[in-house]
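Chemist: sequence below, structure please.
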Amino acid sequence: MKQSLFETHHRAEWEEFSLTLDRLERGKDASRIAGFPKDYRQLCQHLALARERGYSSFLIDSLQQLVLRGHQQLYRHRSRLGANLLGFILADFPRLVREQWRFVLAAGLMFFGSLISFALLVYLFPDLVYNLIPAEQVSEMQSMYDPVAGHLGRTAERAASEDWVMFGYYIMHNIGIAFQTFASGLFFGLGSVFFLLFNGLIIGAVAGHLTHVGYGQTFWSFVVGHGAFELTAIALAGAAGLKLGWALIAPGRLPRAEALRLAARKSVLLICGVMLFLLIAAFIEAYWSSMTAPQPMTKYLVGAALWALVATYLLFAGRTRHAPE
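Modeler: Predicted coordinates:
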């Protein structure tokens with residue numbers, strides 16, 4: 001196609017695009033932005049054709065200027081915040097967990113080890129629960145998971161609460177535990193060790209006691225779903241705290257302040273992922289775990305799927321090269 005015919009066919013489009021650019025550059029006519037990407041791609045195609053066919057430099061330069069102006073308008077409001085957040089969720093966080101596997105393993109052994117061990121001890125020796133939890137709190141726990149109570153995981157006072165109210169309560173409660181476990185790592189890691197063991201013992205005592213008194217089905221069907229995210233988050237918060245503590249104990253050749261600063265960068269990123277896990281856990285706990293309609297087997301199957309999802313995510317997400325950076 002001759003240049004004159006090419007210009008005749010498309011000049012109106014170019015002029016319209018130029019007018020749209022003028023309005024956008026002045027901050028006007030934002031409604032036109034919906035069709036702007038399509039028009040921009042069409043203009044890029046015209047520029048490519050003009051170059052391929054060897055049209056005059058005047059035409060190519062004019063189209064090039066329009067393309068450059070269009071590129072600036074198309075991408076000026078695009079923020080990398082969304083892309084960075086998505087990259088952190090899909091790749092950076094699980095990579096960081098695997099990178100810090102020593103602290104994650106240590107925290108997991110302390111938390112889950114104390115939980116499982118004490119649950120078995122309380123199940124076999126029921127009176128042990130009262131050495132850790134006051135009798136009135138034990139009674140309260142029993143009322144929360146009594147099969148005939150008509151509610152799950154809530155006290156009688158909170159049984160009538162809206163799900164969104166409980167959602168907010170669970171978030172604040174769980175975040176408080178996680179932050180406590182993390183921040184106490186500044187005491188040379190001893191605080192994180194204490195809270196990992198303490199929370200594991202408390203949860204284990206409740207689990208062992210409720211299983212012993214015959215409330216195991218209501219208890220386990222309630223916790224199995226959100227526990228995948230909540231319990232994992234507590235262990236990861238402990239790992240973040242242990243990393244802070246280890247930087248103070250063994251700073252290497254760096255001053256302790258510098259070693260702590262470097263460790264804090266990754267610890268804070270771990271806590272960001274912990275917050276995400278706790279948000280998911282609170283949503284599941286408020287809107288799924290507390291439901292009494294599903295059969296226990298259904299909740300067990302959903303819980304198993306969620307545990308498998310968490311394990312798969314932490315072990316394999318972000319391994320491929322095309323994962324977001």
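Chemist: domain assignment for this structure?
Modeler: The chain breaks down into these domains under automatic domain parsing: 3-75, 82-316.
Chemist: where in the chain is pLDDT low?
Modeler: Applying pLDDT under 70 to the chain flags residues 27-34, 76-81, 149-164, 321-325.
Chemist: could you pull out the helices for it?
Modeler: For the chain, the helices defined by DSSP state H occupy 3-25, 36-52, 57-75, 81-87, 93-99, 101-124, 135-145, 163-183, 190-212, 216-249, 256-284, 296-316.
Chemist: now the last one: how far from the chain's centre is it?
Modeler: Looking back up the chat, that one is helix 296-316. In this view, helix 296-316 has its centroid 16 Å away from the chain centroid, taken as Cα atoms, centre = their mean, to the nearest Å.
Chemist: buried residues in it?
Modeler: 299, 302-303, 306-307, 310, 313-314 (16 or more other Cβ atoms under 10 Å). Placement of C-beta: from N, CA and C, glycine included.
Chemist: and the longest one, by the same measure?
Modeler: By neighbour count on 16+ other Cβ under 10 Å, the buried set for helix 216-249 is 216-248.
Chemist: next: the first one.
Modeler: Under the neighbour-count criterion of 16+ other Cβ under 10 Å, helix 3-25 has 6-7, 10, 14, 17, 20-21, 24 buried.
Chemist: Lys266: which of these is nearest?
Modeler: Nearest to Lys266 among the buried residues of helix 3-25 is Leu24, at 41.7 Å by Cβ to Cβ.
Chemist: measure that closest one to Ala247 for me?
Modeler: The gap separating Leu24 from Ala247 is 50 Å, by Cβ to Cβ, to the nearest Å.
Chemist: check Leu105 too.
Modeler: 18 Å.
Chemist: which residues does the closest residue to Ala304 other than its chain neighbours contact?
Modeler: Excluding the flanking residues, the one nearest Ala304 by Cβ to Cβ, 6 or more residues apart in numbering is Val224, at 7.5 Å. By Cβ atoms under 8 Å, 6 or more residues apart in numbering, Val224 lies in contact with 299-300, 302-304, 306-307.
Chemist: now, among those, which is nearest to Tyr123?
Modeler: Nearest member of these to Tyr123, counting by Cβ to Cβ, is Tyr300, at 18.8 Å.
Chemist: and the closest one, what is it in contact with?
Modeler: Applying Cβ under 8 Å, 6+ apart to Tyr300 gives the contacts 220-221, 224.
Chemist: let's have the helices of the chain in CSV, adding distance to Ser290.
Modeler: Putting the helices of the chain into CSV (distance: least, Cβ to Cβ, whole Å) gives the following:
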stretch, distance to Ser290
helix 3-25, 50
helix 36-52, 45
helix 57-75, 45
helix 81-87, 29
helix 93-99, 28
helix 101-124, 22
helix 135-145, 10
helix 163-183, 7
helix 190-212, 16
helix 216-249, 7
helix 256-284, 10
helix 296-316, 11
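Chemist: need the CA coordinates for stretch 48-59. PDB is fine.
Modeler: Extracted C-alpha coordinates of stretch 48-59, given in PDB (Å, rounded to 0.1, in the frame of the first residue of the first chain):
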ATOM      1  CA  ALA A  48       5.300  -1.100  12.800                       C
ATOM      2  CA  LEU A  49       3.700  -1.200   9.300                       C
ATOM      3  CA  ALA A  50       5.100   2.200   8.400                       C
ATOM      4  CA  ARG A  51       8.600   1.100   9.400                       C
ATOM      5  CA  GLU A  52       8.300  -2.200   7.600                       C
ATOM      6  CA  ARG A  53       7.100  -0.600   4.400                       C
ATOM      7  CA  GLY A  54       9.800   2.100   4.400                       C
ATOM      8  CA  TYR A  55       7.500   5.100   4.600                       C
ATOM      9  CA  SER A  56       8.900   8.600   5.000                       C
ATOM     10  CA  SER A  57      10.700   9.500   8.200                       C
ATOM     11  CA  PHE A  58       8.300  12.400   8.700                       C
ATOM     12  CA  LEU A  59       5.300   9.900   9.000                       C
END
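Chemist: quick one: contacts of that stretch?
Modeler: Residues from elsewhere that reach stretch 48-59 (Cβ under 8 Å, 6+ apart): 1, 3, 6-7, 60, 63.
Chemist: could you rerun that using 10 Å?
Modeler: Residues from elsewhere that reach stretch 48-59 (Cβ atoms under 10 Å, 6 or more residues apart in numbering): 1-4, 6-7, 10, 14, 46-47, 60-64, 67.
Chemist: kindly provide the distance from Leu68 to Ala250.
Modeler: According to Cβ to Cβ, Leu68 stands 54 Å off from Ala250.
Chemist: do Glu230 as well
Modeler: According to Cβ to Cβ, Glu230 and Ala250 sit 31 Å apart.
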